[in-house]
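Undergrad: my questions concern the predicted model and sequence given below.
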There are 2 protein chains.
Amino acid sequence: MSLSFAILGLLTFQPMSGYTLKSRYFDRSIAHFWPADQAQIYRTLQQLEAGGAVESEVVDNSGRPNSKLYAITSAGRESLEGWLAATHKIAPLRDAFLVQLYFGRLLSRDQMLVVLQGRRAEHARQLDYFRKLQLPEPDSDQMRRQLLFGEMTLDFARRNEAMMLDWLDACIATVAALSDD
Amino acid sequence: MSLSFAILGLLTFQPMSGYTLKSRYFDRSIAHFWPADQAQIYRTLQQLEAGGAVESEVVDNSGRPNSKLYAITSAGRESLEGWLAATHKIAPLRDAFLVQLYFGRLLSRDQMLVVLQGRRAEHARQLDYFRKLQLPEPDSDQMRRQLLFGEMTLDFARRNEAMMLDWLDACIATVAALSDD
DNA sequence: TGCAAATATAGGACGAGTCATATATGACTT
DNA sequence: AAGTCATATATGACTCGTCCTATATTTGCA
């Protein structure tokens, strides 16, 4: 579901091909919080077209392979706006690392510390990545407003990584204080 | 994958039926950070048995329907310990709400505020739930050690909800300051 | 000359997860 | 007597997401 609406949302910027959608837009924004591969994006575009939310026109790109230019329809826009304005259920937490940690008693203290510190290093790298990530300069009021929402999602990613680090530090302290066995 | 190891982990407490596993253990712990329904748990038990990680024995419960008592095998324990000690890739962030927020420019300021405040209320409820959630009293050293790890996962859930609230408050402030259109 | 990268779309296979449904019985409630 | 709850297991159908592969052409680099 979310992917369909992500695609519809991107098509509100302008009509574009599946390739452009993915490489110029999706991979630079949505992919950070809703990953999807090429196969899925193309299939979803087909589903959206079958459902009348987008329509396509084949473009003859002299030289390069033909592409399909997808555009959002008015039905698609209505469906998108309805979804955006609705209150959806919060997706339940789902984190495999918590499963791993939950059974930490089955590892020795030192094994667990290795796992936790490895995890910490990865999240530190991700926080660094998100801290350095810069959004483009706006060249219109429309874009300025769009970037504001982009910044909020980026802010989330940063806060999330920072919270992870704090929590992992607390876990490391707790486990380090444990008797070794 | 994670579900298999979650089940193996629970079976290290004691051999038990699929029903007991789910209702007495899974739903009170793992389900908070790795939800799964009954169908999936039963099928995963079957897969684990086919793979030799668990073995089962049919028990005649006089009166109640027969049950299968599942026990972890030594192969299963090795596989579990290997997985627990390994460093796994961090699962990429996947949050549909960020998709919704990203296209916030398509809503009016007030529509967006309704969405954000509804979200905030839900997370406040969840934080309250996790704050009130209490782990049982330990009655052995083994259990004390287990509860320590249980507390770490609960700590995560609480920090996560608190982070969400802080972030949503920042988003609400940003959106509230926007010109209405 | 040859190879990789960028452009461009699409299908098969599979795993994970969700939903609905089927079956069976004892115990307790209305 | 009828209904619901708790106990107990299992399958079919479906969606979503991932991985792998196939196809086709231009541009640029070594």
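TA: Perfect, I can see it now.

Undergrad: only C-alpha atoms from now on, for both contacts and neighbour counts.
TA: Fine.

Undergrad: summarise which helices and strands the top helix by length along chain A is packed against.
TA: Among the segments of chain A that qualify as a helix by DSSP state H, the longest is helix A:141-176. Of the remaining helices and strands, those touching helix A:141-176 by 3 or more C-alpha pairs under 8 Å, 6 or more residues apart in numbering or on different chains; DSSP states H and E are helix A:109-132, helix B:96-102, helix B:141-176.

Undergrad: report the buried residues of that helix.
TA: Using 16 or more other C-alpha atoms under 10 Å in any protein chain shown as the test for burial, helix A:141-176 gives A:145-150, A:152-165, A:167-168, A:171-172, A:175.

Undergrad: what about it, average pLDDT?
TA: Averaged over helix A:141-176, pLDDT sits at 97.

Undergrad: between helix A:109-132 and that helix, find me the angle.
TA: Using axes from the mean of the first three to the mean of the last three C-alpha atoms, to 10 degrees, one finds that helix A:141-176 and helix A:109-132 are set 160 degrees apart in direction.

Undergrad: how far off centre is helix A:141-176?
TA: Between the mean C-alpha location of helix A:141-176 and the chain-wide mean there is a distance of 13 Å, by C-alpha atoms, centre = their mean, to the nearest Å.

Undergrad: returning to that earlier point: compare the helices and strands packed on helix A:141-176 and give me the one nearest A:Ile90.
TA: Within the helices and strands packed on helix A:141-176, the stretch nearest A:Ile90 is helix B:96-102; the backing value is 7.9 Å (C-alpha to C-alpha).

Undergrad: which residues are in contact with that closest one?
TA: Under the contact criterion C-alpha atoms under 8 Å, 6 or more residues apart in numbering or on different chains, helix B:96-102 has outside partners A:2, A:5-6, A:30, A:33-34, A:83-84, A:90-91, A:146, A:149-150, A:152-153.

Undergrad: near DNA strand C, list only the ones from the buried residues of helix A:141-176.
TA: Restricting the buried residues of helix A:141-176 to those adjacent to DNA strand C (criterion: C-alpha under 7 Å from any atom of the strand) removes every one of them.

Undergrad: now do the residue most central in space within chain A against B:His123, distance only.
TA: What sits nearest the mean C-alpha location of chain A, by C-alpha atoms, centre = their mean, is A:Phe33, with 1.6 Å. Using C-alpha to C-alpha, to the nearest Å, one obtains 19 Å as the distance from A:Phe33 to B:His123.

Undergrad: over to A:Leu80?
TA: 24 Å.

Undergrad: for the two, indicate the residue with more neighbours.
TA: More neighbours sit around A:Leu80 than around the other of A:Leu80 and B:His123, counting by other C-alpha atoms under 10 Å in any protein chain shown; the figures are 23 against 20.

Undergrad: how about the more buried one, secondary structure?
TA: Three-state call for A:Leu80 (DSSP: H, G, I helix; E, B strand; the rest coil): helix.

Undergrad: verify the contact between it and A:Leu8 for me.
TA: Yes: counting by C-alpha atoms under 8 Å, A:Leu80 sits close enough to A:Leu8 to count as a contact (6.7 Å).

Undergrad: which residues are in contact with A:Met1?
TA: Going by C-alpha under 8 Å, 6+ apart, the list of residues near A:Met1 is empty.

Undergrad: per-residue confidence at it?
TA: What the model reports for A:Met1 is a pLDDT of 91.

Undergrad: and if you look at A:Asn61?
TA: 72.

Undergrad: break chain A into its domains for me.
TA: Partitioning chain A according to automatic domain parsing yields domains covering residues A:2-85, A:96-176.

Undergrad: I'd like those laid out as TSV, including distance to B:Leu45.
TA: TSV is the format used below for the domains of chain A (distance: least, C-alpha to C-alpha, whole Å):
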stretch	distance to B:Leu45
domain A:2-85	30
domain A:96-176	17
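
Undergrad: relative to DNA strand D, which of these is closest?
TA: Put simply, out of the domains of chain A the one that sits nearest DNA strand D is domain A:2-85, at 3.3 Å, with distance taken as C-alpha to the nearest atom of the strand.
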